[in-house]
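In: compute the structure for the input listed below.
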Amino acid sequence: MDPIYNGMPAAALGTEGWHKPWSGGNGGNCVEAMKLADGRIAMRQSTDPDGPALIYSTSEIAAFIRGAKSGQADFLLT
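Out: Prediction:
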């Protein structure tokens with residue numbers, strides 16, 4: 001069984017390798033991402049680094065980024 005799972009404590013993934021690609025201008029509240037050894041992506045809330053990690057496949061992240069770039073997520077900004 002895979003020891004890395006959706007909702008696991010982000011601290012269990014370690015402290016190295018987390019990046020803040022979407023930070024800036026929000027008082028330090030941002031999403032952090034880490035590429036896992038198997039290619040999946042873990043995401044966590046920067047203000048709660050011990051909280052849950054959401055685990056996504058590369059195809060899920062790619063679909064999200066493509067959709068955001070094409071404006072499909074713009075409704076979240078209004």
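In: spit out the contact partners of the residue nearest to the spatial centre of the chain.
Out: Centroid-nearest residue in the chain, with Cα atoms, centre = their mean: M43, separated by 2.2 Å. By Cβ atoms under 8 Å, 6 or more residues apart in numbering, M43 lies in contact with V31, E32, A33, M34, A53, L54, Y56. Glycine gets a C-beta too; all of them are placed from N, C-alpha and C.
In: now do the SS call for the third one.
Out: Assigned with DSSP: H, G, I helix; E, B strand; the rest coil, A33 falls in the strand class.
In: quick check: the nearest residue to it once chain neighbours are set aside vs D50, distance?
Out: Closest residue in space to A33, ignoring its immediate chain neighbours: M43 at 5.2 Å, by Cβ to Cβ, 6 or more residues apart in numbering. According to Cβ to Cβ, to the nearest Å, M43 and D50 sit 14 Å apart.
In: out of the contacts of M43, which comes closest to F64?
Out: Y56 (7.8 Å; Cβ to Cβ).
In: my guess is the closest one contacts D38. True?
Out: No: when contacts are counted by Cβ atoms under 8 Å, Y56 is not listed as touching D38 (11.9 Å).
In: with T47 as the reference, measure out to A73.
Out: Taken as Cβ to Cβ, the span from A73 to T47 is 22 Å.
In: appreciated, that's everything.
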